[in-house]
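Student: sequence plus the predicted model coming up.
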Amino acid sequence: MTTAHLSPRPSTLDRDTFVAQYGDIYEHSAWVAEQTWDKGLDEKQDTPQGLAEAMSKILAGASAERQLEVIRAHPDLAGKAAESGELTADSTREQAGAGLDQCSPEEFERFHRYNEAYKSRFGFPFIMAVKGSDRHKILAAFETRLEHSPEEERRTAIEQINQIAHFRLEGRTTG
């Protein structure tokens with residue numbers, strides 16, 4: 001079994017090239033890539049799993065306020081940015097892959113209602129790694145997670161963001 005590697009291999013890149021290549025892994029938060037490179041890279045970070053682990057440690061070690069900035073950089077699921085075409089290419093693909101671009105008017109209404117209730121309760125958007133999911137599972141997750149405590153939900157959002165990053169890195173592999 002061969003191990004899939006990222007292309008270009010992160011350990012071979014200078015800082016500017018690394019940030020240009022991987023700075024978009026965390027939504028509008030290139031500082032995660034910058035600090036990952038600053039910590040040092042070797043061949044272990046040339047795989048999606050290895051680089052995902054290194055980058056997630058940077059986010060996990062950030063202050064709560066810095067983590068909240070990353071959480072708040074994410075768009076609402078099936079929200080106004082999606083409807084108006086303002087999502088990043090990664091977010092557009094991810095949301096479409098979960099069928100969020102095919103919501104009925106009633107489902108869009110539910111997403112808008114849940115997005116507003118969630119932001120009102122927690123002060124940041126609902127984050128979910130939607131790859132392999134669908135709009136029905138996502139709506140059910142909204143209902144469950146609206147019952148969480150703010151601290152539990154911040155931790156869950158960071159876990160989901162790290163999963164999104166891992167999925168994005170897996171999409172950049174070569175045989």
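Tutor: Right, received. Where do you want to start?

Student: domain assignment for the protein?
Tutor: 5-68, 75-160 (automatic domain parsing).

Student: who wins for proximity to residue 166 among those?
Tutor: Ranking these by proximity to residue 166 (C-beta to C-beta) places domain 5-68 first, at 4.0 Å. Every C-beta, even on glycine, is put in place using the N, C-alpha and C of the backbone.

Student: show the average pLDDT along the closest one.
Tutor: Summarised as a single mean, pLDDT over domain 5-68 is 96.

Student: end to end, how far does that domain reach?
Tutor: This stretch, domain 5-68, spans 31 Å end to end (C-alpha to C-alpha, to the nearest Å).

Student: okay, the domains of the chain in TSV with distance to residue 167 next?
Tutor: Below are these laid out as TSV (distance: least, C-beta to C-beta, whole Å):
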stretch	distance to residue 167
domain 5-68	9
domain 75-160	5
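
Student: any chance of the ones you listed in a markdown table, with mean neighbour count and distance to residue 172 too?
Tutor: Supplementary listing: those in a markdown table, determined by neighbours: other C-beta atoms under 10 Å; distance: least, C-beta to C-beta, whole Å:
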| stretch | mean neighbour count | distance to residue 172 |
| --- | --- | --- |
| domain 5-68 | 17 | 5 |
| domain 75-160 | 16 | 11 |
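
Student: quick one, what contacts residue 54?
Tutor: Applying C-beta atoms under 8 Å, 6 or more residues apart in numbering to residue 54 gives the contacts 36, 39, 41, 44, 45.

Student: for the residues you listed, which one is nearest residue 56?
Tutor: Nearest to residue 56 out of these is residue 36 (C-beta to C-beta; 9.5 Å).

Student: what strand or helix carries the closest one?
Tutor: Taking DSSP states H and E as the definition, one finds residue 36 inside helix 31-39.

Student: what sits up against that helix?
Tutor: Against helix 31-39 from outside (C-beta under 8 Å, 6+ apart): 10, 13, 15, 18-19, 22-23, 25-26, 45, 51, 54-55, 58-59, 70.
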